[in-house]
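**Student:** what shape does this take:
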Amino acid sequence: MEPAITGKKILIIDDDESVLRTLKRIIDKIRRECVLASSAEEARRILEQESFDLVLCDIRLPGESGMDLVRHILSGYPETAVIVVSGLDDPDVAEKALEIGVYGFIVKPFKVSEVIINVSNALRRQKLESESRRYRENLEQLVAVRTEKLQDTLDGLIKVVAGIVESKDPYTAGHQRKVAELACAIACEMDFATDQVKGILMAGTVHDLGKVAVPSEILSKPGRLSNIEFAIIKEHPQVGYDILKGIDFPWPVAMMVLQHHERMDGSGYPCGLKGNEILPEARILMVADVMEAMASHRPYRPLIGIDIALEEIAKNKGILYEPDVVDACINLFSKKNFCFTSS
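**Tutor:** Purely as a prediction, here's the structure:
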């Protein structure tokens, strides 16, 4: 006889007192604690008050059917195994019971060895599945914690990289943060998924990373840039992409950075992409970038202002800029009083 398993409790449900007594005597042989119920109603009350590792349930009960009660137990008490007991040796009923998740099917009149084998196997399986379920839950929690730590590290790295760019180009200090702020607001206005918004925040925060390769005297030069100087400036999306492409972000951050100066009609740079060739996230970044740039002071021109910036994107809606993005941006400023909070 196998040793007792501490804490293993079995609920036996049958409307026949003789069957209840017989099953109890068998369960006592394997030293398991058992509780008896003579109806589905009584079983439900007991289940609400106590926890069980295994239920032996007659398929025919007064009032509620045994199969309905079995379904209730399987859905409401996933840690509890179920064995169906039936007075009919019906293969179709047995197959149906197994399909919904019961661990065994015992036919009356039953043999003592048959009950012991079914109960012992069900308890072993229930234990293994419970341990497996807890292991998966613990693993999921561990992965979530590690992912959060990795995200925090990535966020910190991005902020450091953004700070390096802005320390080299003091005239655009805070520009990347403001672009990221507006781009995220536009994305939310357009009902982008939360995960997509996180990617846009990441790309917006480093979208001008490639400017580390541009000489400081060009970045801070007052007045108009020469053609050669502007050509050098135009290389910064490609440089930023080349720096970021080797990092395995959960989002296409490098590609967003590469495309933030593209335009819907193909007149942008560095690749001259048009329409659907441009990522949806990059279409948002390009509008946010234009808005923030025109609303801020630059060494080569004075501040232009929000109103003129809004006129600029409205005028080029459907030409340079994605119409839905322009509408969302204008709505933020004109109806929702959006203002930059990043310094």
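
**Student:** tell me the SS of residue 247?
**Tutor:** Under DSSP: H, G, I helix; E, B strand; the rest coil, the three-state class of residue 247 is coil.

**Student:** my guess is it meets residue 257, correct?
**Tutor:** No. Using C-beta atoms under 8 Å, residue 247 is not in contact with residue 257; the gap is 11.0 Å. No exception for glycine: its C-beta is placed from N, CA and C like everyone else's.

**Student:** low-confidence ranges in the stretch 51-200 of the chain?
**Tutor:** Residues of the stretch 51-200 of the chain meeting the criterion pLDDT under 70: 170-173.

**Student:** in it, which spans are helices?
**Tutor:** Here the stretch 51-200 of the chain has its helices, by DSSP state H, counting those that start in this stretch, at 66-76, 91-100, 112-168, 175-189, 194-205.

**Student:** got the ones you listed as JSON lines, with distance to residue 253 columns?
**Tutor:** Formatted as JSON lines, those follow (distance: least, C-beta to C-beta, whole Å):
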{"stretch": "helix 66-76", "distance to residue 253": "43"}
{"stretch": "helix 91-100", "distance to residue 253": "47"}
{"stretch": "helix 112-168", "distance to residue 253": "9"}
{"stretch": "helix 175-189", "distance to residue 253": "12"}
{"stretch": "helix 194-205", "distance to residue 253": "5"}
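
**Student:** most tightly packed of those helices?
**Tutor:** Ranked by mean neighbour count, those are led by helix 175-189 with a mean of 24 (mean count of other C-beta atoms under 10 Å).

**Student:** just checking, what packs against that helix?
**Tutor:** Secondary structure elements in contact with helix 175-189, counted by 3 or more C-beta pairs under 8 Å, 6 or more residues apart in numbering; DSSP states H and E, are helix 112-168, helix 194-205, helix 280-295, helix 323-335.

**Student:** between that helix and helix 194-205, how many degrees?
**Tutor:** 160 degrees (axes from the mean of the first three to the mean of the last three C-alpha atoms, to 10 degrees).

**Student:** angle of helix 175-189 against helix 280-295?
**Tutor:** Using the same axes, to 10 degrees, the direction of helix 175-189 lies 130 degrees away from that of helix 280-295.

**Student:** who touches helix 175-189?
**Tutor:** By C-beta atoms under 8 Å, 6 or more residues apart in numbering, the surrounding residues in contact with helix 175-189 are 162, 165-166, 196-197, 200-201, 203-208, 281, 284-285, 287-289, 291-293, 296, 325, 328-329, 331-332, 336, 338, 340-343.

**Student:** please work out how many residues are found near residue 226.
**Tutor:** 11 (other C-beta atoms under 10 Å).

**Student:** over to residue 327?
**Tutor:** By other C-beta under 10 Å, neighbour count at residue 327 equals 16.

**Student:** residue 147 versus the residue nearest to it when sequence neighbours are not counted, what's the distance?
**Tutor:** Excluding the flanking residues, the one nearest residue 327 by C-beta to C-beta, 6 or more residues apart in numbering is residue 317, at 7.7 Å. Distance of residue 317 to residue 147, given as C-beta to C-beta, to the nearest Å: 39 Å.

**Student:** same question, residue 325
**Tutor:** From residue 325 to residue 147 the distance is 30 Å (C-beta to C-beta).

**Student:** can you check residue 198 too?
**Tutor:** 12 Å.

**Student:** over to residue 119?
**Tutor:** With distances taken as C-beta to C-beta, residue 119 is found 42 Å from residue 147.

**Student:** got it, and residue 104?
**Tutor:** From residue 104 to residue 147 the distance is 40 Å (C-beta to C-beta).

**Student:** equivalent analysis for residue 45, please.
**Tutor:** Where residue 147 is concerned, residue 45 sits at a distance of 43 Å (C-beta to C-beta).

**Student:** do the same with residue 288
**Tutor:** For residue 288, the distance to residue 147 - C-beta to C-beta - is 27 Å.

**Student:** what helix or strand does residue 28 sit in?
**Tutor:** Element membership of residue 28, judged by DSSP states H and E, is helix 17-29.

**Student:** what residues does that helix touch?
**Tutor:** 1, 10, 12, 14, 34, 36, 38, 56, 58, 85, 108, 112, 115-116, 119.

**Student:** if we can go back for a sec, of residue 247 and residue 257, who's got more company?
**Tutor:** Applying other C-beta under 10 Å to residue 247 and residue 257 shows that residue 257 carries more neighbours, namely 29 against 11.

**Student:** what's the closest non-adjacent residue to the more buried one?
**Tutor:** Distances taken as C-beta to C-beta, 6+ apart place residue 240 nearest to residue 257, at 4.4 Å, with adjacent residues excluded.
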